[in-house]
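> Any chance you could fold what I've pasted below:
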Amino acid sequence: DDHDKEEGHDDHDKEEGHDDHDEEGHDDHDKEEGHDDHHGHDHGGVDPHFFTDPGRMAQVVKQLSDFLVLNFPEIDEKDLVSHMTDYSKKLEDLDSEVMQTLSSIPTGSRVMVTNHEVFAYFAESYEFEILGTIIPSSSTLSNTSAKDLVDLAEKMKAEGVPAVFVDASSSDALAEALAGEVDGVKVVSLFSESLGAENTAGSTYIDMVRTNSELIASALTG
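Numbers count the residues shown, from 1 in each chain. Next up is the predicted model:
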């Protein structure tokens with residue numbers, strides 16, 4: 001509950017397609033609070049899906065490098081810092097690329113329905129609303145009810161949400177059932193819990209984030 005969302009995004013201009021986004025890797029996010037204000041998570045109150053935000057991941061890489069240098073003196077510090085700097089820059093560039101990809105989605109269409117609670121950090125960073133989740137938890141092992149699906153379907157109809165996003169490595173049966181309740185809704189698979197197979201889309205972290213952003217943009221603007 002300590003996480004101050006208002007301070008982390010005061011300079012976001014939603015109407016300008018994220019032009020004021022912090023290009024330095026989301027320095028104004030409080031990464032230590034673990035999003036304790038997101039309800040329904042099964043991880044001791046901490047949402048572990050920070051990896052959906054590449055800007056945060058750039059900071060993670062830097063902090064991990066500092067930790068390794070401090071605790072493992074046998075590591076070649078110069079070599080480690082060099083790799084860290086290169087990869088952090090790639091992640092910061094990826095963050096900018098994702099913003100550009102998502103800029104095609106109008107502000108009013110930046111609404112997502114997912115199979116479980118995984119995109120909270122993504123939504124906060126790129127100004128999306130999570131309308132609801134099929135499974136009201138960050139764990140895919142939790143249960144949902146028929147009433148929950150009906151209620152979510154009604155919300156989707158009211159908001160005109162055109163897609164349900166599911167994890168590519170999980171069953172999409174509930175998502176298909178939900179989509180069947182709302183005309184024109186498609187089920188879109190994202191790499192949200194695991195990478196894609198080697199040499200395919202999503203086979204690396206950078207490819208995963210890039211592919212997800214392209215699929216989200218296509219689904220919400222098509």
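> Can you list the neighbours in contact with stretch 153-164?
The contact list for stretch 153-164 (Cβ atoms under 8 Å, 6 or more residues apart in numbering) reads 111-115, 131-132, 134, 175, 178-179, 181-182, 184-188, 219-220, 222. No exception for glycine: its C-beta is placed from N, CA and C like everyone else's.
> pLDDT averaged over it - what is it?
The average of the pLDDT scores along stretch 153-164 is 95.
> which stretches of this protein form strands?
Ranges of strands in the chain, per DSSP state E, are 111-114, 129-133, 163-167, 186-190.
> Make a markdown table out of the ones you listed and add distance to Ala153.
What follows is the strands of the chain, written out as a markdown table (distance: least, Cβ to Cβ, whole Å):
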| stretch | distance to Ala153 |
| --- | --- |
| strand 111-114 | 10 |
| strand 129-133 | 10 |
| strand 163-167 | 10 |
| strand 186-190 | 13 |
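> Among the ones you listed, which comes closest to Tyr205?
Tyr205 lies closest to strand 186-190 among the strands of the chain, at 13.7 Å (Cβ to Cβ).
> Show me what the closest one is packed up against.
strand 163-167, helix 173-179, helix 205-221 (3 or more Cβ pairs under 8 Å, 6 or more residues apart in numbering; DSSP states H and E).
> That strand vs strand 163-167, what angle?
Orientation of strand 186-190 against strand 163-167 (axes from the mean of the first three to the mean of the last three Cα atoms, to 10 degrees) gives an angle of 30 degrees.
> Any buried residues in strand 186-190, and which?
Across strand 186-190, burial judged by 16 or more other Cβ atoms under 10 Å covers Val187, Val188, Ser189, Leu190.
> okay, the helices and strands packed on strand 186-190, which one's buried deepest?
Highest mean neighbour count of the helices and strands packed on strand 186-190: strand 163-167, a mean of 24 (counted as mean count of other Cβ atoms under 10 Å).
> For Ser192, which residues are in contact?
His49, Thr52, Thr114, Val118, Phe119, Phe165, Asp167, Ala168, Asn212.
> longest helix anywhere in this protein?
Identified as the longest helix of the chain according to DSSP state H is helix 77-102.
> the inter-axis angle of that one versus helix 205-221?
Using the same axes, to 10 degrees: helix 77-102 against helix 205-221 is 10 degrees.
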